[in-house]
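Asks: quick one, structure for this:
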Amino acid sequence: MNAWKIRETILDAMEETTGGRVIQGVCKVGGVRRDISDAKLKEMTAKLDSIGGEIEDLCHVFFDDASVKHRSVGVGMLSKEDAHKLGAVGPFAKGRGIALDLRQTGYSAYGSLDFKPIVETGCDCYSRCIVRAKELAQSVDLIKQAAANIPAGDIEVKVKGNPDGEYFSRVEQPRGECIHYVKANGSKNILRERVRTPSSANIPPLVKMLEGCQMADVPVIVLSIDPCIGCAER
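Replies: Model prediction:
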């Protein structure tokens, strides 16, 4: 229930700043749909300050629990070499000591933020969960940094429609690297779009990790990569 309490605080902050609790739809081509006032930024920062200690306490209760360790330590092992060869991304890769995080390239505002990828070297389900927990606390810090340095000015720019050309984009999502490829031919319709989601990228290493495991460990292993079924259903 403590986790749900933290979740509600986060969803409330998202609703107050973007207008949506789960699906925001605030981003658009050329910028964002709505501005955030200084008062709203202060409220959001206060909410983030309030959950910082709660996240730490929750992680302590969860990760120090003997039952959690028994079901996750040494379960779902995959070597660093196999993870790299099979294209693991996100916490799946970071839980094996691979500091693969596109935010290091400094795209968008990340070049102005104090950021360093979180990695663990256990190569098991426990390490992947540790990475996600630490990234949760890190995300709170990154949002506070960004909120303190939002520049004044327009929130969107005019974009000319019907482009002719192609574009390739790579961004870091909570589950890992997401790739978008778009090709247009100058008409009102896009000629081609290709999306490679992190869940799709993590299927090959997941299959390798499931080889020879105990049947009872299958749910633990699969859920440890936090798969998005819609993203992976192809």
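
Asks: which strand or helix spans Trp4?
Replies: Remark: Trp4 resides in helix 2-18, with elements defined by DSSP states H and E.

Asks: now for that helix, which elements pack on it?
Replies: helix 38-63 (3 or more CB pairs under 8 Å, 6 or more residues apart in numbering; DSSP states H and E). Quick note: C-beta positions are derived from backbone N, CA and C, even for glycine.

Asks: circling back: roughly how far out does the helix holding Trp4 sit from the chain middle?
Replies: 17 Å (CA atoms, centre = their mean, to the nearest Å).

Asks: now the helix or strand just after that helix: average pLDDT?
Replies: Using DSSP H and E, the helix or strand that follows helix 2-18 in sequence is strand 27-28. For strand 27-28, the mean per-residue pLDDT is 88.

Asks: quick one: work out the angle between the helix holding Trp4 and helix 38-63.
Replies: With axes from the mean of the first three to the mean of the last three CA atoms, to 10 degrees defining the directions, helix 2-18 sits at 160 degrees from helix 38-63.

Asks: relative to Ala201, how far out is the most centrally placed residue in the chain?
Replies: The centre of the chain sits closest to Pro174, judged by CA atoms, centre = their mean, with a distance of 0.9 Å. Between Pro174 and Ala201 the distance is 14 Å, computed by CB to CB, to the nearest Å.

Asks: also Pro163?
Replies: 27 Å.

Asks: still on that earlier bit, wait, the residue nearest to the centre of the chain touches Val89, no?
Replies: No - between Pro174 and Val89 there is no contact under CB atoms under 8 Å: 11.0 Å.

Asks: distance between the ends of stretch 162-182?
Replies: Terminal residues of stretch 162-182 are spaced 12 Å apart (CA to CA, to the nearest Å).

Asks: and the contacts of that stretch?
Replies: 88-93, 100-103, 107, 135, 183-188, 190, 192-199, 201-202, 225-228, 231 (CB atoms under 8 Å, 6 or more residues apart in numbering).

Asks: which among those residues count as buried?
Replies: For the contacts of stretch 162-182, a burial check counting by 16 or more other CB atoms under 10 Å picks out 88-93, 100-103, 135, 184, 196-199, 201-202, 225-228, 231.

Asks: the residues you listed in strands, which ones?
Replies: Among the buried ones among the contacts of stretch 162-182, the members falling in strands (DSSP state E) are 184, 196.

Asks: that concludes my questions; thank you for your assistance.
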